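K.L.:
Mind folding the following:
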Amino acid sequence: MGCSKMVLRLPPFDYYEPRSLWEACFLLHRFEGRASPLAGGTNLLVQMKLRRRRPEALVNLKRIPGLSYVRYGGGGLWIGALTTINDLVRSEVVRERFTALWEAAKSMAFPAIRNVATVGGNLCNAAPTADLPPPLIALGAEVNIIGLAGSRRIPLTELYAPSGGARLEGDEVLTEVFIPEPPLRSSSTYFKQPARTREDVGVASVAVHLALSGDGGVEGLRLVVGAATRRPTLVEEAEEVVKARGLTADAVEEAADAASRRVEAWGGELWSLRGPLEYRREVVRALARRALLEVARRLGLEVGRGG
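P.N.:
Purely as a prediction, here's the structure:
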């Protein structure tokens, strides 16, 4: 007996290929929230086939010149919104100086997807499981956004609403990411616990960036939890603990505990399939501990018990 196969098709929509950012913003404004920008499309088109998103129009950004680049200099790293994930993986400067970002990019999906998926799409889709926001926030990234009213530059943390989703006006487009030059004595890393295979979306993720002062003390720590929260969450308590007590084993445990407390009970069936709340908190605690110990190792620090 044969079996039937369901074929998912895109719903009808209007399609536009603007050749400038101004034209793209104008088209988005004209549809008053009923149009979606199209970059890589690896998430948007799937959501449309599943009828979870039904935009009246797609505004393809890929014909707009000058939005795909990785440039190092001028105080940091500049990344165009249409830069693909594999462009990040292939970048030596990203691997060497912005390691957490490189590790996150390398962990995403499969090479075929990474060849198409874009940095801007990953950020603006604002999926809780997105890999790039946690390391970018840990590295202090800012984003440039343009709309009909002009352009603005904001910390990446401000792009995400407390309840989830991206804070973009209907006519706005994210154009660029800027990461400031990390201090010389600093290190970053990214750990993810995938739901199934290594390339799968995460049950939880943690990004850490640690900077040391001239005398070897902790100058700054940014620990960010992803996937287990509605939006990428900077754990300020982790920095407070490590700055006050130094990078001791006890401080690492306390910082990891602070990270685990930020895991939320929300999301209904989708998130219950990724494990109970307590399981996800334990995963975050373990990932935070591993990430902190790894950046310490890379900086040549021996994590002791403290006084």
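K.L.:
list the buried ones in stretch 226-237?
P.N.:
226, 227, 228, 229, 230, 231, 232, 233, 234, 235, 237 (16 or more other Cβ atoms under 10 Å). C-beta coordinates here come from the backbone N, C-alpha and C atoms, glycine included.
K.L.:
and it, how far out from the chain's middle?
P.N.:
11 Å (Cα atoms, centre = their mean, to the nearest Å).
K.L.:
mind checking the end-to-end distance for it?
P.N.:
Counting by Cα to Cα, to the nearest Å, the length from the leading to the trailing residue of stretch 226-237 is 16 Å.
K.L.:
which residues of the protein fall in helices?
P.N.:
Secondary structure of the chain (DSSP state H): helices at 21-30, 44-49, 85-90, 92-97, 99-107, 111-114, 119-125, 133-138, 236-245, 249-260, 268-272, 277-298.
K.L.:
residues in contact with the last one?
P.N.:
Same thing as helix 277-298. Helix 277-298 is contacted from outside by 187-193, 203-210, 223, 225, 228, 235, 238, 242, 247, 252-253, 255-257, 259-263, 265, 271, 274-275, 302-303, using Cβ atoms under 8 Å, 6 or more residues apart in numbering.
K.L.:
and with 7 Å instead?
P.N.:
With contacts defined as Cβ atoms under 7 Å, 6 or more residues apart in numbering, helix 277-298 is touched by 187-189, 191, 193, 203-206, 208, 210, 223, 225, 228, 247, 252, 255-257, 259-260, 263, 265, 274, 303.
K.L.:
That one relative to helix 236-245, how many degrees between them?
P.N.:
Orientation of helix 277-298 against helix 236-245 (axes from the mean of the first three to the mean of the last three Cα atoms, to 10 degrees) gives an angle of 40 degrees.
K.L.:
Same question for helix 277-298: list its buried residues.
P.N.:
Under 16+ other Cβ under 10 Å, the buried positions of helix 277-298 are 280-281, 283-289, 291-296.
K.L.:
Next, the angle helix 99-107 makes with that helix.
P.N.:
Inter-element angle recorded for helix 277-298 and helix 99-107: 120 degrees (by the same axes, to 10 degrees).
K.L.:
Helix 249-260 and helix 277-298, what's the angle between them?
P.N.:
Put simply, helix 277-298 runs at 140 degrees to helix 249-260, going by the same axes, to 10 degrees.
K.L.:
Could you tell me which strand of the chain is the longest one?
P.N.:
strand 202-212 (DSSP state E).
K.L.:
so what does that strand touch, helix or strand wise?
P.N.:
helix 133-138, strand 186-194, strand 218-226, helix 277-298 (3 or more Cβ pairs under 7 Å, 6 or more residues apart in numbering; DSSP states H and E).
K.L.:
Could I get those in TSV, plus columns for distance to residue 53 and mean pLDDT?
P.N.:
What follows is the helices and strands packed on strand 202-212, written out as TSV (distance: least, Cβ to Cβ, whole Å; pLDDT from 0 to 100):
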stretch	distance to residue 53	mean pLDDT
helix 133-138	20	98
strand 186-194	24	95
strand 218-226	22	97
helix 277-298	26	96
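K.L.:
between these, which gets nearest to residue 54?
P.N.:
Among those, the nearest to residue 54 by Cβ to Cβ is helix 133-138 (25.5 Å).
K.L.:
Any chance you could list what contacts the closest one?
P.N.:
Outside helix 133-138, the residues touching it (Cβ under 7 Å, 6+ apart) are 100-101, 104, 123, 156-157, 177, 179, 188, 190, 205, 207-209, 222, 224, 226, 232, 234.
K.L.:
Pull the distance from that helix to the chain's centre.
P.N.:
On Cα atoms, centre = their mean, the centre of helix 133-138 falls 6 Å from that of its chain.
K.L.:
Let's see it as PDB, backbone CA atoms only.
P.N.:
Taking Å, rounded to 0.1, in the frame of the first residue of the first chain, the C-alpha atoms of helix 133-138 are listed here in PDB:
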ATOM      1  CA  PRO A 133      22.700  37.200  19.600                       C
ATOM      2  CA  PRO A 134      24.300  35.700  22.800                       C
ATOM      3  CA  PRO A 135      28.000  36.000  21.700                       C
ATOM      4  CA  LEU A 136      27.400  39.400  20.000                       C
ATOM      5  CA  ILE A 137      25.800  40.800  23.200                       C
ATOM      6  CA  ALA A 138      28.700  39.300  25.300                       C
END
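K.L.:
distance of the residue lying closest to residue 101 once chain neighbours are set aside from residue 292?
P.N.:
Spatial nearest neighbour of residue 101, chain neighbours left out: residue 135 (4.7 Å); criterion: Cβ to Cβ, 6 or more residues apart in numbering. As judged by Cβ to Cβ, to the nearest Å, residue 135 and residue 292 stand 15 Å apart.
K.L.:
now swap in residue 50 and tell me
P.N.:
38 Å.
K.L.:
one step back: just the ones of the buried residues of stretch 226-237 in strands?
P.N.:
Filtering the buried residues of stretch 226-237 for strands - DSSP E - leaves 226, 233, 234.
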